[in-house]
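Visitor: I'd like to go over a predicted model; first the sequence, then the structure.
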Amino acid sequence: MSYLHGSAAPEQDRLARMNALINEACLRVIAPRGERSALDLGSGLGQFTRALARALGQGARVLGIEADDAQRASAERLAVDDREAALVEFRAGRAEAPPLRDDESGSFDLAHARFLLEHHRAPLDVVRAMVHAVAPGGRIVLLDDDHEVLRLWPQAPATMTLWQSYVRGYERLGCDPFVGRRLPALLAAAGAAPQRAALVDFGACAGQPQFEGLVANLARVMDSARSHLVREELAEAADFDAMHAELATWSRRPGATIWYSIAFAEGRKPA
């Protein structure tokens with residue numbers, strides 16, 4: 001696992017805001033089908049893990065696995081603050097080797113991972129762990145990025161130049177910034193029959209209420225990788241200044257649009 005964004009307070013805040021923007025759309029594409037137990041790998045701040053638990057309904061068993069201590073502590077605190085501590089159990093562990101008891105392995109109805117495989121050097125190991133965790137006939141659902149799909153109109157050259165540096169930052173860590181296009185293939189290689197692929201819209205134009213939040217997220221996701229990109233000599237401080245200045249002007253244009261989507265794939269473990 002190589003999370004180039006880190007887990008400092010600004011990144012925690014960005015993730016919380018992003019959850020508010022996209023969780024509902026992600027739940028719609030997953031479309032819970034009466035499952036009574038779920039495993040969420042790379043559960044992060046736990047906001048989506050709890051949303052999934054609410055969607056599964058009262059009495060559902062939901063376990064979130066998170067390797068980062070700061071993220072997991074924040075997830076537990078947020079659950080307590082929202083009076084939902086009983087909805088989900090959060091457990092420390094690695095996604096490719098989740099710490100499941102013998103009676104838990106092969107018992108879950110659903111296994112989920114979002115924005116996890118792009119940060120893992122061996123994504124197939126994670127998907128294999130998900131297949132192992134679900135019961136025969138259980139579903140494995142994956143949501144992840146293909147960073148090539150980002151388009152801004154009108155064009156924003158300084159922002160897109162920095163975006164390409166950001167993408168190369170993944171590759172320097174041995175990760176795949178385009179893993180979204182491979183999700184069905186990963187399911188098949190892990191032994192789960194792919195059943196559905198879709199795209200979750202993560203874009204908006206200047207006339208939509210979520211547009212401002214998406215512009216802010218775009219800037220902040222690159223900001224969070226700043227130390228890595230500068231250290232790897234993929235970008236300079238001036239590149240970030242140029243990106244922020246450009247987006248401030250660009251976002252006020254009446255036709256400004258962010259075109260982006262999250263890849264989704266669903267597979268099923270053989271019965």
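Guide: Sure thing, it's come through. Residues are numbered from 1 along each chain as shown.
Visitor: Give me the most central residue, the protein.
Guide: F115 (2.3 Å; CA atoms, centre = their mean).
Visitor: contacting residues around that residue?
Guide: 42, 44, 143-145 (CB atoms under 8 Å, 6 or more residues apart in numbering). Backbone N, C-alpha and C define where each C-beta goes, glycine included.
Visitor: Pull out the buried members of those.
Guide: Buried members of those, scored by 16 or more other CB atoms under 10 Å, are 42, 44, 143-145.
Visitor: which residues in this structure form strands?
Guide: Along the chain, counting by DSSP state E, strands occupy 37-41, 61-66, 89-92, 108-114, 134-144, 151-153, 193-201, 204-205, 257-259, 261-268.
Visitor: Serialize those strands to TSV and add fields for distance to A51 and mean pLDDT.
Guide: Formatted as TSV, the strands of the chain follow (distance: least, CB to CB, whole Å; pLDDT from 0 to 100):
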stretch	distance to A51	mean pLDDT
strand 37-41	10	98
strand 61-66	10	98
strand 89-92	14	97
strand 108-114	11	98
strand 134-144	13	98
strand 151-153	28	98
strand 193-201	14	96
strand 204-205	21	96
strand 257-259	23	97
strand 261-268	15	98
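Visitor: And the helices in the chain?
Guide: Along the chain, the stretches classed as helices by DSSP state H are 9-30, 47-56, 69-81, 123-133, 157-172, 183-189, 211-223, 226-231, 237-250.
Visitor: got the buried residues for stretch 156-168?
Guide: Neighbour-count burial for stretch 156-168 flags 156, 158-159, 162-163, 165-167 (criterion: 16+ other CB under 10 Å).
Visitor: ugh, typo on my part, it should be stretch 62-70
Guide: In stretch 62-70, counting by 16+ other CB under 10 Å, buried: 62-68.
Visitor: Show which residues not belonging to that stretch make contact with it.
Guide: 1, 3, 7, 12, 37-44, 46, 49-50, 52-53, 56, 72, 75, 87-95, 98-99, 104, 108.
Visitor: any idea of the pLDDT on the residue nearest to Q47 when sequence neighbours are not counted?
Guide: Spatial nearest neighbour of Q47, excluding adjacent residues (CB to CB, 6 or more residues apart in numbering): N19 at 4.2 Å. On the pLDDT scale, N19 is placed at 78.
Visitor: T49 is in contact with E84, correct?
Guide: No. In terms of CB atoms under 8 Å, E84 does not count as a neighbour of T49; the distance is 9.9 Å.
Visitor: neighbour-wise, which of these two wins?
Guide: T49 (29 against 17; other CB atoms under 10 Å).
Visitor: show me the contacts for the closest residue in space to V221 that isn't next to it in sequence.
Guide: Distances taken as CB to CB, 6+ apart place R14 nearest to V221, at 6.8 Å, with adjacent residues excluded. Contacts for R14 (CB under 8 Å, 6+ apart) come out as 217, 220-221, 224.
Visitor: Same list (these) but as CSV, adding pLDDT, neighbour count and distance to A122.
Guide: Listed next are the contacts of R14 as CSV, based on pLDDT from 0 to 100; neighbours: other CB atoms under 10 Å; distance: CB to CB, whole Å:
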residue, pLDDT, neighbour count, distance to A122
N217, 93, 20, 27
R220, 93, 17, 28
V221, 94, 16, 23
S224, 93, 20, 23
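Visitor: State the pair within the residues you listed that is farthest apart.
Guide: With CB to CB as the measure, no two of those lie farther apart than N217 and S224, at 10.2 Å.
Visitor: Now for this structure, the helix or strand with the poorest mean pLDDT.
Guide: Of the helices and strands making up the chain, the lowest-confidence element is helix 9-30, at a mean of 83, by mean pLDDT, DSSP states H and E.
Visitor: CA atoms only: put that helix into PDB for me.
Guide: Output in PDB follows, covering the C-alpha atoms of helix 9-30 (Å, rounded to 0.1, in the frame of the first residue of the first chain):
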ATOM      1  CA  ALA A   9      -5.500  16.900   8.800                       C
ATOM      2  CA  PRO A  10      -6.000  18.600   5.400                       C
ATOM      3  CA  GLU A  11      -6.200  15.300   3.600                       C
ATOM      4  CA  GLN A  12      -8.600  14.000   6.200                       C
ATOM      5  CA  ASP A  13     -10.800  17.000   5.600                       C
ATOM      6  CA  ARG A  14     -10.600  16.500   1.800                       C
ATOM      7  CA  LEU A  15     -11.700  12.900   2.100                       C
ATOM      8  CA  ALA A  16     -14.600  13.800   4.400                       C
ATOM      9  CA  ARG A  17     -15.800  16.400   1.900                       C
ATOM     10  CA  MET A  18     -15.300  14.000  -1.000                       C
ATOM     11  CA  ASN A  19     -17.400  11.400   0.800                       C
ATOM     12  CA  ALA A  20     -20.300  13.900   1.000                       C
ATOM     13  CA  LEU A  21     -20.000  14.500  -2.700                       C
ATOM     14  CA  ILE A  22     -20.100  10.900  -4.000                       C
ATOM     15  CA  ASN A  23     -21.300   8.400  -1.400                       C
ATOM     16  CA  GLU A  24     -24.900   8.400  -2.500                       C
ATOM     17  CA  ALA A  25     -24.000   7.800  -6.200                       C
ATOM     18  CA  CYS A  26     -21.700   4.900  -5.200                       C
ATOM     19  CA  LEU A  27     -24.400   3.300  -3.100                       C
ATOM     20  CA  ARG A  28     -26.800   3.500  -6.100                       C
ATOM     21  CA  VAL A  29     -24.400   1.700  -8.400                       C
ATOM     22  CA  ILE A  30     -23.700  -1.000  -5.700                       C
END
